[in-house]
Structure formats: C-alpha cells, structure tokens
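> model this:
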Amino acid sequence: MRYLRVVNVTRDAVLAESAGAATNSKERRTGLLKHTSLAEGEGLWIGPCEAVHTFGMKFVIDVVFIDRKDRVVKVREGMPRRRISGCFTAASVLELPAGTIERTGTARGDQLQLEKLDGLSREGMRAASGVGR
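Predicted coordinates for the structure are as follows:
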C-alpha cells in the first residue's frame, strides 16, 4: 500500500501524517475493516470513491469527501458503525480518526494537498486509481 500526507491548505492543518492509499479493488474493498482503531495522524485515502460504509467496522471515523481538484465537498463527523454515507460529486474519500474534522476545522470548500510519502506522484496515484479520468 502507498502512503501520503494530507494537509488542509485552507486551514493550515495536517489531517493525516501517514494515510494509506487504497487505489486498487482489493484495498478499497478491505478499507479499514481489519483495523481496530486509527491513531491520530493516520488515515485511509480511497480513490476512486463516492461512498463508504461502516458495516463491520470496530470504531467511529470522520469522513472527508474530496473532488478531482482536491477540494472538500462534504464532511461526515463521527460516522458510527453500521452506516452509509456518500457524495456523488466526490472523486475520493479520506477516512480519519473521529475528532479530526473538528480538531482541524475542516469544512466544505477547503483545499487539500495530498503529498506522496513513497515516491508515487499525485498524478501517478490518480492513474493507478482511475481518479480524474
């Protein structure tokens, strides 16, 4: 799995120091289902993705829906287990520990920056995931 750092440029806040990038079908299907928690600074970027569910999850998460220009189009704070949330204008989704959205003040319209941590460029991530096509 690839990893990236996600910064909310609008709020000058780091959303994730090390977010996994789920860019293939298997990674997207598994998501966070095998995790028992997320530590502050961790997360999972899923692309392409318009909707997520928390069936089978063991913990509450914050969800940030992102468009093709890396702008926040929707946030869902404290999404409990056994729920579904979606956004048809989203190209990808960032799943974060509960409380991250409130702590960072992240809101619709904010500009995010996704920085590679493992040598794969943002364009390479888009090509690998189909986002932006």
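
> Report the central residue of the chain.
Using C-alpha atoms, centre = their mean, the residue of the chain that lies closest to the mean C-alpha position is residue 94, 0.8 Å off.

> beta partners for it?
Residue 94 has these beta-bridge partners by DSSP bridges: residue 45, residue 64.

> Can you give me the distance of it to residue 4?
To residue 4, residue 94 is 10 Å away according to C-beta to C-beta, to the nearest Å. Every C-beta, even on glycine, is put in place using the N, C-alpha and C of the backbone.

> what residues are shared contacts of those two?
When contacts are counted by C-beta atoms under 8 Å, 6 or more residues apart in numbering, the set common to residue 94 and residue 4 consists of 16, 19, 45.

> ok, now how distant is the residue nearest to the centre of the chain from residue 103?
With the distance defined as C-beta to C-beta, residue 94 ends up 14 Å from residue 103.
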